[in-house]
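Colleague: need a structure here:
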Amino acid sequence: MKRGATNNKGFSLVELIIVIAIMAILIGVMAPQLIKYIEKSNVAADTQMCDNVRKAIYYAMMDPDVVQANDKSKEMIEDILQPDILGGRVHGLDHYSGDWLTCAFAVAVTESLGGWNPFDINHTTGRDTDYLKSTPKSGLSLGFMTAANEDGTNFAVFVQFSDRYGEKNGEQFTGDYEELEDSRVIFVK
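Modeller: Residues are numbered from 1 along each chain as shown. Have a look, this model is predicted:
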């Protein structure tokens, strides 16, 4: 029996250091790309949320029970559909409170969005940041715009202070309907 010949199956310290160094380099190279990917997926999620809000508003406007309700629903629908002759008026979805939040229209929109009321200025059903994922420059709120042209009335939902390119260079949108395309904000027409 030979005592000197042992079969050492472990790693040497040098091999472990080399593996750790390679992993650190890979993490250093991949981390910025991963962060960009995550922000772009957040922008996509916010774009989808804008589309969901737009669809929820359209569906609520077409619901006969909502249109015939004896509450603030008709006023709210007219407020949303009232275009500005200058190409669109910008206002936040969250500028309503009190009776506006419990009218049939707001309730229908809230139910379509799974319990979140985008009109709620007091955020009793959750803050915008609970439902919107992208990183804002400052503040974060949904806005909508209605514009009239020869084709009829156009409607857009957008996220203020957002950056649809995922670069965190958001801006507050104050332009008209046609300028949405040239802005950085996340929007759906």
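
Colleague: Tell me how many other residues surround Phe173.
Modeller: 22 (other C-beta atoms under 10 Å). Yep, even glycine has a C-beta here, placed from its N, CA and C like the rest.

Colleague: Find the nearest non-adjacent residue to it, please.
Modeller: Of all residues not flanking Phe173 in the chain, Val185 sits nearest, at 4.6 Å (C-beta to C-beta, 6 or more residues apart in numbering).

Colleague: for Asp99, same thing?
Modeller: Lys72 (5.3 Å).

Colleague: need the contact list for that neighbour.
Modeller: Residues in contact with Lys72 (C-beta atoms under 8 Å, 6 or more residues apart in numbering) are 99-100, 103, 105-106.

Colleague: Just name whatever secondary elements the strand or helix carrying Pro32 is in contact with.
Modeller: Here Pro32, judged by DSSP states H and E, is contained in helix 13-62. With contacts taken as 3 or more C-beta pairs under 8 Å, 6 or more residues apart in numbering; DSSP states H and E, helix 13-62 sits against helix 73-81, helix 104-112, strand 141-149, strand 152-160, strand 186-188.

Colleague: Relative to the whole chain's centre, how far out is that helix?
Modeller: Shown here is helix 13-62, whose average C-alpha point lies 14 Å from the average C-alpha point of the whole chain (C-alpha atoms, centre = their mean, to the nearest Å).

Colleague: what is the orientation angle of it with strand 152-160?
Modeller: On the basis of axes from the mean of the first three to the mean of the last three C-alpha atoms, to 10 degrees, helix 13-62 is oriented at 150 degrees to strand 152-160.

Colleague: Give me the average confidence score over helix 13-62.
Modeller: Averaging pLDDT along helix 13-62 yields 92.

Colleague: which residues sit in contact with Tyr58?
Modeller: By C-beta under 8 Å, 6+ apart, the contact set of Tyr58 is Phe155.

Colleague: redo that, cut-off 10 Å
Modeller: By C-beta atoms under 10 Å, 6 or more residues apart in numbering, the contact list for Tyr58 reads 109, 112, 155.

Colleague: Give me the most central residue, the chain.
Modeller: Asp46 (2.5 Å; C-alpha atoms, centre = their mean).

Colleague: how far away is that residue from Tyr131?
Modeller: Asp46 sits at a distance of 9 Å from Tyr131 (criterion: C-beta to C-beta, to the nearest Å).

Colleague: Same question for Thr110.
Modeller: Using C-beta to C-beta, Thr110 is found at 12 Å from Tyr131.

Colleague: do the same with Tyr58
Modeller: As defined by C-beta to C-beta, Tyr58 lies at a distance of 19 Å from Tyr131.

Colleague: Then Leu13?
Modeller: With distances taken as C-beta to C-beta, Leu13 is found 51 Å from Tyr131.

Colleague: Which one of the two is surrounded by more residues?
Modeller: Ranked by neighbour count (other C-beta under 10 Å), Leu13 and Tyr131 place Tyr131 first, with 19 against 8.
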